[in-house]
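Novice: what follows is a protein structure lacking sequence information:
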């Protein structure tokens, strides 16, 4: 009998990891993530991260990055202030050269 184990199937696809800090991002990249999604307050469902967090992570990782665009729990249809805020955030995320948010 042969003692060799059968080869494990090779996984294909992209591993996207949700992160909320530079430390998370660096660990995810080192662990094999192919893309990051940056959020804050994940325990509340995830919200748009600060510009500073996005900028810091983008300066230190080589993999693609996305940022969640969800301003608050009140980001619901018909909430004008929330829509205005989200529009401003969309502008700065585009400015930061985010491919997706």
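Specialist: Right, received. Where do you want to start? Just so it is clear, the model here is predicted, and its values are computed rather than measured. Numbers count the residues shown, from 1 in each chain.

Novice: low-confidence ranges, this structure, go.
Specialist: Counting by pLDDT under 70, the ranges of the chain that qualify are 1-11, 72-83, 85-86, 89, 92-101.

Novice: and the helices in it, which stretches?
Specialist: Using DSSP state H, the helices found in the chain span residues 22-30, 51-60, 80-95.

Novice: and the shortest one, which residues are buried?
Specialist: Burial within helix 22-30, assessed by neighbour count using 16 or more other CB atoms under 10 Å, is assigned to 24, 25, 28, 29. C-beta here means a position set from N, CA and C on the backbone, and glycine is covered the same way.

Novice: who's in contact with that helix?
Specialist: Applying CB atoms under 8 Å, 6 or more residues apart in numbering, the external contacts of helix 22-30 come out as 17, 19, 36, 38, 53, 56, 57, 60, 61, 62, 63, 65.

Novice: show me the beta-bridge partners of the third one.
Specialist: Using DSSP bridges, the beta-bridge partners of residue 36 come out as residue 17, residue 65.

Novice: my read is that it contacts residue 15, right?
Specialist: No - using CB atoms under 8 Å, residue 36 makes no contact with residue 15, being 10.0 Å away.
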